[in-house]
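Enquirer: What follows is a protein structure lacking sequence information:
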């Protein structure tokens, strides 16, 4: 990957690859996920959080040794255990469910997922005995010429009986080309101890594609994005241009919502029904109600009730709360501020650390001066207030209910309800002054 970051933390559709593998396992019923960590383990642990147990592999001595590192975390567990690498982001819960069903039906101690590849280079080949039962896996570096011609391969996704797994792992040999304990050798260990080994065949080899470089990461991103968008379409969401629409994992979108081209919706977002999002819109960690319209805007940490209109070119920053039927128009920035029901800021305004009442109107060019160089201060605007264009509100300050602030004013004192506030220089008109000034300038230039 040519990176200082652990590979398992590279994100696919907004989620670290290791998390995607864990989510797939949990979706199939695994309720005690254990992540084996080694180099940069603290970083992995911090990124994945408290939803997992962690087992340290202090020395990197192979995949078999990595699996054995989880023995203490599962020492009291008796049942089936899934094992998979943390860099296979396209695995689904259905894959693990099929694997488990096959494992249970056969009463096996080891069941491995297998696929057939036209070019099996790099994969361990499945070696079967004369009766057709799998007896071992031949890794690429250790396989004979005849074995390398086998197209059936192990994709390193397993279901083991827990007791069998942890009993046999310490016995795995390091007598191989890499001098490591291969997890694939568990097939031979189980078969050799009289246990039952089964395979579960999958047609969709692409589900098991690992990520070893940034191009493979991009391909995984594309595949998972298409899966997410297809699910949304099946649930009643319209995606106008899937090629330019990005939706992260676990995003919720209501039916009859339309996602226009160049729309990007990140994790932590919930969007209601009958909305229209985009084009050219980015939404992160935000919640939108029903029938919202967001056009060419950026939302991060925002909360919108029903029937809100936003954009074009609006910027809603963390703490922005827009109540029903409110409007934030072009080139309006809202930060840690709320707009009441049917409040409107249609053009060219900065509303930071403000509370704006229902049906208030904020004119173009209005600025909430919220920072005095040391701390942020709040602006409060009452219901049905009218703030004229090009107004500067120097916080802390309030404008009362129904008050009117004349355009061009600089307001530094509270405005009582139902009042008119004018704070600007008096207009002075000098008739015929312009022509006199031009003649004087022309004379000076000669």
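Expert: Arrived safely, thanks for sending. In this text, all values refer to a predicted model and were calculated from it rather than measured experimentally.
Enquirer: can we go C-alpha only for contacts and neighbour counts from here?
Expert: Will do.
Enquirer: Show me how far the longest helix along the chain is from its chain's centre.
Expert: In the chain, assigned by DSSP state H, the helix with the most residues is helix 214-234. Taking the mean of its C-alpha atoms, helix 214-234 sits 13 Å from the chain's own mean (Cα atoms, centre = their mean, to the nearest Å).
Enquirer: residues in contact with residue 392?
Expert: Contacts here follow Cα atoms under 8 Å, 6 or more residues apart in numbering; on that basis residue 392 touches 366, 367, 368, 369, 408, 409, 410, 411.
Enquirer: Distance of it relative to residue 282?
Expert: Here residue 392 is placed at a distance of 29 Å from residue 282 (Cα to Cα, to the nearest Å).
Enquirer: swap in residue 45?
Expert: Distance of residue 45 to residue 282, computed by Cα to Cα: 29 Å.
Enquirer: more neighbours, these two?
Expert: Counting neighbours by other Cα atoms under 10 Å for residue 45 and for residue 282 shows that residue 282 has the greater number, 21 against 18.
Enquirer: And the pLDDT for that one?
Expert: In the predicted model, residue 282 carries a pLDDT score of 99.
Enquirer: Quick one: residues in contact with stretch 220-230.
Expert: Against stretch 220-230 from outside (Cα under 8 Å, 6+ apart): 12, 13, 89, 90, 209, 211, 239, 242, 246, 247, 248, 249.
Enquirer: got it, and stretch 124-144?
Expert: By Cα under 8 Å, 6+ apart, the list of residues contacting stretch 124-144 from outside reads 121-123, 147-148, 150-155, 176-177, 184-188, 191-192, 197-199.
Enquirer: Show me how to select, in ChimeraX, the buried members of those residues.
Expert: The following ChimeraX selection, which keeps only the buried ones among the contacts of stretch 124-144, applies the criterion 16 or more other Cα atoms under 10 Å:
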select :123,147,148,150,151,152,153,154,155,184,185,186,187,188,191,197,198,199
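Enquirer: Filter the contacts of stretch 124-144 down to the ones in strands?
Expert: 152, 153, 154, 155, 197, 198, 199 (DSSP state E).
Enquirer: List just the nearest of these to residue 78.
Expert: Within the set of the ones in strands among the contacts of stretch 124-144, residue 197 lies nearest residue 78; the separation is 18.0 Å, counting by Cα to Cα.
Enquirer: Kindly provide the distance from residue 377 to residue 360.
Expert: Taken as Cα to Cα, the spacing of residue 377 relative to residue 360 amounts to 20 Å.
Enquirer: next one: residue 388
Expert: 11 Å.
Enquirer: For the two, indicate the residue with more neighbours.
Expert: Legend: neighbour count by other Cα under 10 Å for residue 388 and residue 360, higher for residue 360 (26 against 20).
Enquirer: Quick check: the gap between that one and residue 340.
Expert: 8 Å.
Enquirer: Quick check: neighbours shared by those two?
Expert: With contacts taken as Cα under 8 Å, 6+ apart, the residues that reach both residue 360 and residue 340 are residue 383.
Enquirer: Let's see which of the contacts of stretch 220-230 end up in strands.
Expert: Using DSSP E, the members of these that fall in strands are 12, 239, 246, 247.
Enquirer: hmm, which two among those residues are most spread apart?
Expert: Based on Cα to Cα, the longest span within the ones in strands among the contacts of stretch 220-230 runs between 12 and 239 and measures 19.8 Å.
Enquirer: Of the two, which one has the most company?
Expert: Set side by side, residue 12 and residue 239 show more neighbours around residue 12, with 24 against 20, by other Cα under 10 Å.
Enquirer: What sits closest to that one if chain neighbours are left out?
Expert: Nearest residue to residue 12, sequence neighbours excluded (Cα to Cα, 6 or more residues apart in numbering): residue 221, at 5.1 Å.
Enquirer: so how far is residue 355 from the one you found?
Expert: 40 Å.
Enquirer: Columns distance to residue 419 and pLDDT on top of the ones in strands among the contacts of stretch 220-230, output as JSON lines?
Expert: Rendered in JSON lines, the data for the ones in strands among the contacts of stretch 220-230 read as follows (distance: Cα to Cα, whole Å; pLDDT from 0 to 100):
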{"residue": "12", "distance to residue 419": "55", "pLDDT": "98"}
{"residue": "239", "distance to residue 419": "49", "pLDDT": "99"}
{"residue": "246", "distance to residue 419": "49", "pLDDT": "98"}
{"residue": "247", "distance to residue 419": "48", "pLDDT": "99"}
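Enquirer: Now tabulate those residues in CSV and tack on distance to residue 421.
Expert: As requested, the ones in strands among the contacts of stretch 220-230 are exported to CSV (distance: Cα to Cα, whole Å):
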residue, distance to residue 421
12, 54
239, 48
246, 47
247, 47
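Enquirer: follow-up on the earlier one: wait, which of the contacts of stretch 220-230 is closest to residue 277?
Expert: Closest approach between the contacts of stretch 220-230 and residue 277, by Cα to Cα: residue 239, at 10.0 Å.
Enquirer: Tell me how many other residues surround residue 436.
Expert: 11.
Enquirer: what about the helices in the stretch 51-200 of the chain?
Expert: Using DSSP state H, counting those that start in this stretch, the helices assigned to the stretch 51-200 of the chain run over residues 63-68, 93-106, 145-148, 162-168, 186-192.
Enquirer: which residues touch the closest residue to residue 417 other than its chain neighbours?
Expert: Once flanking residues are discounted, residue 417 sits nearest to residue 400: 3.9 Å by Cα to Cα, 6+ apart. Shown in contact with residue 400 (Cα under 8 Å, 6+ apart): 381, 382, 383, 385, 414, 415, 416, 417, 418, 419.
Enquirer: ok, now residue 120?
Expert: Residue 120 makes contact with 148, 150, 151, 152, 153 under the criterion Cα under 8 Å, 6+ apart.
Enquirer: and the gap between it and residue 150?
Expert: With distances taken as Cα to Cα, residue 120 is found 8 Å from residue 150.
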